[in-house]
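Student: mind folding the following:
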Amino acid sequence: MAEDREREVVSSQFGGNLRRHRRAAGLSQEEVAALASLHRTEIGLVERGRREPRVGTLVKLAAALSVTPLDLLDGIVWELPATSEGRMRVEPPEDE
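Tutor: Numbering: from 1, shown residues only. Now for the predicted structure:
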């Protein structure tokens, strides 16, 4: 259950980052989809945190927006505690 919540939080953060960079670039979802060779519905699902992109999709999205993949992963942190299982968490971006 905690893993599902973790995934939701990370997907939401990624989607928000994608939306923010898309809007800053002055592009519609359709335009980003065309530049990244993806379907517009894929962009909408990712922005709403309903779908997690694969690595190839992450790279395509970053290129379409002229940002780095790290820009789209802003605020997503993997913690590796002393125990055997790590966990992801979201940090607010430094500029907020």
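
Student: quick one, what contacts the residue lying closest to residue 65 once chain neighbours are set aside?
Tutor: Sequence neighbours aside, residue 21 is the residue nearest to residue 65 in space, at 4.8 Å (criterion: C-beta to C-beta, 6 or more residues apart in numbering). For every residue, glycine as well, the C-beta is placed using N, CA and C. Neighbouring residues of residue 21 by C-beta atoms under 8 Å, 6 or more residues apart in numbering: 65, 67, 71, 72.

Student: now residue 25: phi and psi?
Tutor: Backbone torsions of residue 25, given as degrees, to the nearest 10, read phi -80, psi -10.

Student: coming back round to it: only the buried subset of the contacts of residue 21, as a PyMOL command please.
Tutor: Those of the contacts of residue 21 that count as buried under 16 or more other C-beta atoms under 10 Å are selected in PyMOL with:
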select buried, resi 65+67+71+72
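
Student: nearest to residue 28, of the contacts of residue 21?
Tutor: For the contacts of residue 21, the closest approach to residue 28 (C-beta to C-beta) belongs to residue 65, at 12.2 Å.

Student: that closest one and residue 22 touch, don't they?
Tutor: Yes: counting by C-beta atoms under 8 Å, residue 65 does reach residue 22; the two are 6.3 Å apart.

Student: just checking, what packs against the helix or strand hosting residue 35?
Tutor: For residue 35, the enclosing helix or strand under DSSP states H and E is helix 29-36. The contact analysis (3 or more C-beta pairs under 8 Å, 6 or more residues apart in numbering; DSSP states H and E) places helix 29-36 against helix 40-47, helix 55-65.

Student: good, we can wrap up now.
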